[in-house]
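*Asks:* My questions concern the predicted model and sequence given below.
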Amino acid sequence: MKLSSTKNKKSIAIIPDERIIGKIYLIRGEKVIFDRDLAVLYDVETKVLNQAVKRNIKRFPEDFMFKLSQEEMLNWKSQIVTSNSDKMGLRKPLSVFTEQGVAMLSSVLNSNRAIQVNIQIMRTFTRMRKLLSTHKELRDKIEKMEKENKSNFDTIFKIINKLIMIDPKDKELKIIGFGEMKK
């Protein structure tokens, strides 16, 4: 039975995870994906995606989807590396979808591709959340070790600082490695 579930997971991966991760941005403290990026992933036009959302607007409260403010739009245009054709023609603020909004899109867009892509996006969000929690745990462990062994950490940091600040003209410095041979 496990083989079929593993096979099922692999068959769903129709878009590289890196491509999805590259479309996730942090705006207003939320991880979001732009409507136009979702449309590309779902292989529909942006206006089709937005029309489906408008027809089902009650399913998309502010914590599921929101429009960028003018300031956020300007910031996005200046920060994100995109071609001029990508930035031009934006008459309306872009909509962005949180993880919950992306999940809700699966009930609004009912094509096979939308379902498969949606599953993949949700798995990517989950992996990112696990990765971030792992980094927090690692940081917490290092901070705990540093507090418990402060003198050892101070010694290590002093040695590292000495190595960083070594003056190459220092006569006591022993050269290690390859150098020019004198004739």
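*Replies:* Received the coordinates, thanks. Numbering: from 1, shown residues only.

*Asks:* quick one: residue 34 and residue 94 touch, right?
*Replies:* Yes: in this structure, residue 34 is within contact of residue 94 by Cβ atoms under 8 Å, at 5.3 Å. The C-beta positions use only the backbone N, C-alpha and C, and glycine is treated the same way.

*Asks:* Chain neighbours aside, what residue packs nearest to residue 65?
*Replies:* Once flanking residues are discounted, residue 65 sits nearest to residue 101: 4.3 Å by Cβ to Cβ, 6 or more residues apart in numbering.

*Asks:* tell me, how many neighbours does that neighbour end up with?
*Replies:* Applying other Cβ atoms under 10 Å, we find 24 residues neighbouring residue 101.

*Asks:* my read: residue 122 touches residue 102, true?
*Replies:* Yes: Residue 122 lies in contact with residue 102 (Cβ under 8 Å); the separation is 6.9 Å.

*Asks:* Which of those two has more residues huddled nearby?
*Replies:* residue 102 (23 against 14).

*Asks:* Quick one: residues contacting that one.
*Replies:* For residue 102, the contacting residues are 33, 38, 118, 121-122, 125, by Cβ atoms under 8 Å, 6 or more residues apart in numbering.

*Asks:* what's near enough to touch the residue nearest to residue 65?
*Replies:* Applying Cβ under 8 Å, 6+ apart to residue 101 gives the contacts 32, 60, 64-65.

*Asks:* at 7 Å instead, please
*Replies:* 60, 64-65 (Cβ atoms under 7 Å, 6 or more residues apart in numbering).

*Asks:* Can you select the buried ones from these in ChimeraX?
*Replies:* Per 16 or more other Cβ atoms under 10 Å, the buried members of those correspond to this ChimeraX selection:
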select :60,64,65
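
*Asks:* The contacts of residue 101 in helices, which ones?
*Replies:* The helices, defined by DSSP state H, take in nothing from the contacts of residue 101.
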